[in-house]
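1. here is the input, now give the coordinates:
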Amino acid sequence: MNKFKYYFVLLLAGIAIVSCNKSDDDDSTTVPLRDYAEQFKADNDSIVKFLKTNYIESVTADFDVKISKIPAGGTQTSIWDQKTYTLASRDVYSDDITYKVYYLVLREGSGQNPTNTDKISTAYSCYLLNGTMADSSYGIPFTANLFPYANTSTVIEGWSEIFPKFKTGTSTTGDDGSITYNDYGAGVMFLPSGLAYYASGSGANIPAYTPIYFSFKLFDLQRMDNEYNTTSSGRVFVGDGVPDYLEDVNGDGYLYDFRNTTKYPNPPKELIDDTDGDGIADFVDLDDDGDGFTTRFELTKPTGEVGIVDGVNYGIRLYYPWDPTVDNPATPNVDETEPRGIPRRPTGALTDPSKPESSTNVKKYVEEDYKASGRLRIHLDKTYPIKQN
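-> Numbering: from 1, shown residues only. Have a look, this model is predicted:
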């Protein structure tokens, strides 16, 4: 599965690639990286031509799809013109250009959409536009991490952009431990090389600057919490207690770390998910509201309000969940009930009503503070906790 590692060369648009071809005088040849905009135009032309000259020959009950070229004089309806399956497209800002990515929806799925920073369970096959299979998981599910800066199982950028358009399915586990998936999302994505392997290619099967397509199935997902610290050993993921999908401020299903100004020199404002405007997206920001208190600190329950205390069940977690949660019947030996979610600024009576509100004379929480719909949770409220003067 290492073929699908996210290649950092995509992030370095201004750096040249040194060819290993040996010349007569033993000097290496420096080959400049191609212009992203020009390469995308060529790739897009090839993909559109492919969509207009190939057709969907078959789709099995398990959503294995076969795509074939329309023969000379053939009457088959092209992928571009057929109406059985939706051919959609998504605009993707990267490398300071806007890519147009086409994808075919064979089935949307019945479960949840991943974000572009979650982990997924998927199966795939990869093809060149001439129909040659370049790689495949042969129907066997494997785990892929859609967040490009994760430490393991990362994938090419195009995957991170298209999988969020599909949903997971349902699963059942047999007595032998085998898992059967049903109603999962399935589709085909057609990727320009800039969102695939670009100048590096992949092994012997995918040359540099080659547009490719994948047929795929989305079985399951794992929500991620991707805040990290950078150390001499690399990134150490610590999270802030809020899963990435709940830090998608604009609700579009995508989260981007725009601190990489080489890759994202002019990010569109509508793509930014940054509550405090500090240039760090909430999903990688340890202090979402910039108030000087970490998000993890603001989500921490008070001492004495964890577990069952004096007959009151406060929930076993050390940190408040986004909203109150009920017990999971699939785990009968553990009660996961959490009666309180992340609170808003407290609205109850002052500790000392004769004095003004301050860091040493705060209001008390009332139950509605933990549950009110649309409440401004304290980790997103820069005015609370109140700082000492």
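2. how far away is the nearest residue to residue 152 once chain neighbours are set aside from residue 111?
-> Nearest residue to residue 152 in three dimensions, chain neighbours excluded: residue 145, at 6.5 Å (CB to CB, 6 or more residues apart in numbering). Backbone N, C-alpha and C define where each C-beta goes, glycine included. Computed as CB to CB, to the nearest Å, the residue 145 to residue 111 distance reads 19 Å.
3. of the two, which one has the most company?
-> Counted by other CB atoms under 10 Å, residue 145 and residue 111 do not tie: residue 145 has more neighbours, with 23 against 20.
4. contacts only, for the more buried one.
-> Listed by CB atoms under 8 Å, 6 or more residues apart in numbering, the contact set of residue 145 reads 119, 152-155, 224.
5. give me the subset of those lying in strands.
-> Assigned to strands by DSSP state E, the following of the contacts of residue 145 qualify: residue 119.
6. now a PyMOL select for only the buried ones of the contacts of residue 145.
-> Command for PyMOL, covering only those of those found buried under the criterion 16 or more other CB atoms under 10 Å:
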select buried, resi 119+153+154+155+224
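7. which one is residue 52 nearest to, not counting chain neighbours?
-> residue 80 (4.5 Å).
8. picking that back up, which pair in the contacts of residue 145 spans the largest distance?
-> 155 and 224 (13.6 Å; CB to CB).
9. let's have the contacts of residue 145 in CSV, adding distance to residue 271.
-> Output for the contacts of residue 145, formatted as CSV (distance: CB to CB, whole Å):
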residue, distance to residue 271
119, 22
152, 26
153, 25
154, 21
155, 20
224, 19
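10. in CSV, list the contacts of residue 145 along with distance to residue 192 and pLDDT.
-> Below are the contacts of residue 145 laid out as CSV (distance: CB to CB, whole Å; pLDDT from 0 to 100):
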residue, distance to residue 192, pLDDT
119, 25, 98
152, 26, 90
153, 23, 89
154, 19, 93
155, 16, 96
224, 26, 98
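11. residue 94: which of the contacts of residue 145 is nearest?
-> Using CB to CB, those come closest to residue 94 at residue 155, 14.4 Å.
12. check which helix or strand residue 50 maps to.
-> Assigned by DSSP states H and E, residue 50 belongs to helix 36-53.
13. average pLDDT for the next helix or strand after that helix?
-> Remark: after helix 36-53, the chain's next helix or strand is strand 54-59, criterion DSSP H and E. What strand 54-59 shows for mean pLDDT is 98.
14. repeat that for stretch 170-181.
-> Stretch 170-181 carries an average pLDDT of 91.
15. ditto for stretch 66-77
-> 98.
16. end-to-end on that stretch?
-> End-to-end span of stretch 66-77 (CA to CA, to the nearest Å): 14 Å.
17. ok, and what's touching that stretch?
-> The contact list for stretch 66-77, computed with CB under 8 Å, 6+ apart, reads 53-59, 78-79, 127, 131, 188, 213, 215.
18. identify each buried residue in that stretch, please.
-> Residues of stretch 66-77 classed as buried: 67, 70 (neighbour count, 16+ other CB under 10 Å).
19. equivalent analysis for stretch 77-91, please.
-> By 16+ other CB under 10 Å, the buried positions in stretch 77-91 come out as 78-79, 85, 87, 90.
20. what is residue 172 paired to in the beta sheet?
-> For residue 172, the beta-bridge partners are residue 180 (DSSP bridges).
21. can you list the low-confidence ranges for this structure?
-> 1-30, 389 (pLDDT under 70).
22. rerun that using 90 as the cut-off
-> Along the chain, the model assigns pLDDT under 90 to residues 1-32, 153, 177, 203, 330, 387-389.
23. residue nearest the centroid of it?
-> residue 116 (1.5 Å; CA atoms, centre = their mean).
24. give me the spatial nearest neighbour of it, chain neighbours excluded.
-> Spatial nearest neighbour of residue 116, excluding adjacent residues (CB to CB, 6+ apart): residue 160 at 4.2 Å.
25. and that neighbour, which of the three is it?
-> Under DSSP: H, G, I helix; E, B strand; the rest coil, residue 160 falls in the helix class.
26. now do the helices in the stretch 151-300 of the chain.
-> Using DSSP state H, counting those that start in this stretch, the helices assigned to the stretch 151-300 of the chain run over residues 157-162, 295-299.
27. list the helices and strands the first one packs on?
-> Of the remaining helices and strands, those touching helix 157-162 by 3 or more CB pairs under 8 Å, 6 or more residues apart in numbering; DSSP states H and E are strand 86-94, strand 97-107, strand 185-191.
28. of all these, which one is nearest residue 311?
-> Closest to residue 311 of the helices and strands packed on helix 157-162 is strand 185-191 (CB to CB; 45.6 Å).
29. contacts for stretch 44-55?
-> 67-70, 74, 76-82, 87, 100, 102, 129, 190, 192, 211, 213.
30. quick one: distance of that stretch to the chain centre.
-> From the chain centre to the centre of stretch 44-55 is a distance of 28 Å (CA atoms, centre = their mean, to the nearest Å).
31. that older thread, show me which of the buried residues of stretch 77-91 is closest to residue 39.
-> residue 90 (18.6 Å).
32. go ahead and confirm the closest one touches residue 162.
-> Yes: with contact defined as CB atoms under 8 Å, residue 90 reaches residue 162; the gap is 6.9 Å.
33. identify the contacts common to the two.
-> Going by CB under 8 Å, 6+ apart, residues that sit against residue 90 and also against residue 162 are 101, 103.
34. with adjacent residues omitted, what lies nearest to residue 236?
-> Computed as CB to CB, 6+ apart, the closest residue to residue 236 that is not its neighbour in sequence is residue 229, at 5.0 Å.
35. tell me how far the one you found lies from residue 278.
-> In terms of CB to CB, residue 229 sits 17 Å off from residue 278.
36. compare these two (neighbour count), which wins?
-> Neighbour totals were compared for residue 229 and residue 278, and residue 278 leads with 12 against 9 (other CB under 10 Å).
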